[in-house]
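Visitor: Coordinates only, no sequence provided:
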């Protein structure tokens with residue numbers, strides 16, 4: 001997977017939305033309207049409170065200090081949600097960072113926000129790192145316990161009548177055996 005950017009963040013959020021149609025919030029987001037997005041925000045307000053979610057909501061809704069967030073969201077005009085509807089329905093190809101972060105919160109995209117996403121690694125990279133780490137640990141254990149490697153054997157040619165196998169018996173002495181049957 002390539003380098004993570006704000007563009008890949010936007011694409012991954014949109015892919016998750018299209019794949020899951022809002023996931024837990026599909027009843028609001030399957031065919032989103034401004035009113036449904038607002039209702040989804042109200043419904044999630046006290047339910048989805050991860051580490052950076054408060055900041056995401058403050059950035060989008062611009063809450064005043066000490067203001068009741070539920071009432072503040074209820075008072076927001078539906079036009080504020082129109083760009084989100086347009087983006088989710090494909091009418092526009094991009095949206096503002098604040099809108100994108102709200103969408104990430106609505107569909108529970110992780111990692112969020114963008115700053116955390118940029119510092120994260122992909123699932124594939126994580127698997128590769130774990131594999132490499134396990135391989136190093138296994139090599140260390142084998143060395144500690146004095147276990148020698150079993151020769152690597154590969155089938156290099158096979159057909160209906162014969163098979164050719166190559167086996168590296170001792171890599172340090174560069175002894176290789178090729179057997180055809």
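Guide: That came through, no problem. Note that the structure is predicted; figures quoted are calculated from it, not measured.
Visitor: and stretch 96-105, which residues are buried?
Guide: For stretch 96-105, the neighbour count (16 or more other Cβ atoms under 10 Å) marks 98, 99, 100, 101, 102, 103, 104, 105 as buried. Any C-beta I mention is one placed from the backbone N, CA and C, and that applies to glycine too.
Visitor: Including secondary structure and pLDDT, could those go into a markdown table?
Guide: Formatted as a markdown table, the buried residues of stretch 96-105 follow (DSSP: H, G, I helix; E, B strand; the rest coil; pLDDT from 0 to 100):
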| residue | secondary structure | pLDDT |
| --- | --- | --- |
| 98 | helix | 96 |
| 99 | helix | 96 |
| 100 | helix | 97 |
| 101 | helix | 97 |
| 102 | helix | 97 |
| 103 | helix | 96 |
| 104 | helix | 96 |
| 105 | helix | 96 |
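Visitor: Next, format these as a markdown table and append distance to residue 14.
Guide: As requested, those are exported to a markdown table (distance: Cβ to Cβ, whole Å):
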| residue | distance to residue 14 |
| --- | --- |
| 98 | 16 |
| 99 | 12 |
| 100 | 9 |
| 101 | 13 |
| 102 | 14 |
| 103 | 8 |
| 104 | 10 |
| 105 | 15 |
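Visitor: Kindly indicate which of these lies nearest residue 79.
Guide: Nearest to residue 79 among the buried residues of stretch 96-105: residue 99, at 12.6 Å, using Cβ to Cβ.
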